[in-house]
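*Asks:* Kindly return the folded structure for what I paste below:
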Amino acid sequence: STTMSTWAMVVGPLALVAGIYACVRVLRGGPVVAAAAATAPVFVGPMWTSLLTGRVNEQTAPCLAGAIALLVALTLRGPHPVRFGLLAGLAGAGIVMMHSYDVLFIGVLALGLLMVLRGALSWRRTALGVGAAAVAGLVPILPLLGVILGAGGERVSDPPSLLGQWGKAVEFWVTDPQRYVLLGYPVPGGSDVQLSVPTIQIGLWITIPCLLASLLSPLLPQVRWARPWLLAGVVFTLIGIWTVASG
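*Replies:* Numbers count the residues shown, from 1 in each chain. The predicted structure is shown next:
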């Protein structure tokens, strides 16, 4: 428990800040913008929830996601595919063992980074990088592969709350203000008591305009660095709709 607490207090926040700063800088965002982007999740991101719930692995894993997504993208577009591939594979294996769902987010964000990063793709570099990542990732995972692939009980014990109600699912994930409550929002169909709290209201007044402004990132070169994050947000909104309404 002491090791896990230290990990959450030291490694998680440092990885969160460093990873997002690196992503923004690689995507040609200025140092001041990168610093602001990297600092914001410390206050509105997963670590606060981790302190409240005590589920360290569930919240530290997404703190590492940005950095690992960048490693994956640099494996395919960077000058050192083997070095970055080994790091990406090993880090990805760690995420699988810590909180496997975040691998999906890493993949989506890495795809967004690849779309924006400069540099030509080549078959040779891709093969070297993917091979290095596969070796580094599979070696630590192989002893646990059966357990990981057999983890299907959660969906059975926790059925979708809006099964077949696609309209309500879209309403919650897109237009319901509760969806944008910082530090965690209630499940679809839950109480909206949080919306009466002044601090929650202030957070919404800040968050929703910023999210609406992010829709301009595909058009404005000054916010090119935000495009991968916008892609990830759109994809996971669709995943949220699907998982809450589909069996």
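
*Asks:* Is the most centrally placed residue in the chain part of a helix or strand, or is it coil?
*Replies:* The centre of the chain sits closest to residue 105, judged by Cα atoms, centre = their mean, with a distance of 4.7 Å. Following DSSP: H, G, I helix; E, B strand; the rest coil, residue 105 is assigned to helix.

*Asks:* in this structure, which spans are helices?
*Replies:* 2-6, 12-26, 31-44, 46-53, 56-77, 81-99, 102-116, 123-141, 145-149, 153-157, 166-170, 198-214, 227-245 (DSSP state H).

*Asks:* Skipping its backbone neighbours, what lies nearest the residue nearest to the centre of the chain in space?
*Replies:* residue 65 (5.4 Å; Cβ to Cβ, 6 or more residues apart in numbering). For the C-beta atoms, the positions are set from N, CA and C on the backbone; glycine is no exception.

*Asks:* Which residues lie in contact with residue 89 in this structure?
*Replies:* Residues near residue 89 by Cβ atoms under 8 Å, 6 or more residues apart in numbering: 132, 133, 134, 135, 136, 137, 138.

*Asks:* just to revisit the earlier point, who touches the residue nearest to residue 105 in this structure?
*Replies:* Neighbours of residue 65 in contact, by Cβ under 8 Å, 6+ apart: 19, 95, 102, 105, 106, 109.

*Asks:* Tell me, how many residues neighbour the second one?
*Replies:* Other residues within reach of residue 95, judged by other Cβ atoms under 10 Å, total 22.

*Asks:* hang on, the earlier thing: can I get the helices of the chain in JSON lines with mean pLDDT and distance to residue 178?
*Replies:* Formatted as JSON lines, the helices of the chain follow (pLDDT from 0 to 100; distance: least, Cβ to Cβ, whole Å):
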{"stretch": "helix 2-6", "mean pLDDT": "75", "distance to residue 178": "31"}
{"stretch": "helix 12-26", "mean pLDDT": "90", "distance to residue 178": "25"}
{"stretch": "helix 31-44", "mean pLDDT": "86", "distance to residue 178": "16"}
{"stretch": "helix 46-53", "mean pLDDT": "68", "distance to residue 178": "16"}
{"stretch": "helix 56-77", "mean pLDDT": "87", "distance to residue 178": "20"}
{"stretch": "helix 81-99", "mean pLDDT": "91", "distance to residue 178": "24"}
{"stretch": "helix 102-116", "mean pLDDT": "92", "distance to residue 178": "21"}
{"stretch": "helix 123-141", "mean pLDDT": "91", "distance to residue 178": "37"}
{"stretch": "helix 145-149", "mean pLDDT": "77", "distance to residue 178": "33"}
{"stretch": "helix 153-157", "mean pLDDT": "67", "distance to residue 178": "23"}
{"stretch": "helix 166-170", "mean pLDDT": "93", "distance to residue 178": "13"}
{"stretch": "helix 198-214", "mean pLDDT": "86", "distance to residue 178": "9"}
{"stretch": "helix 227-245", "mean pLDDT": "92", "distance to residue 178": "13"}
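
*Asks:* Quick one, which of those gets closest to residue 187.
*Replies:* Among the helices of the chain, the nearest to residue 187 by Cβ to Cβ is helix 227-245 (8.2 Å).

*Asks:* what sits up against that closest one?
*Replies:* 23, 27, 69, 104-105, 108-109, 111-113, 115-116, 160-166, 168-170, 172-174, 188, 211, 214-215, 217-218.

*Asks:* again, only using 6 Å
*Replies:* 108-109, 112-113, 116, 160-162, 165-166, 169-170, 173, 188, 214, 217 (Cβ atoms under 6 Å, 6 or more residues apart in numbering).
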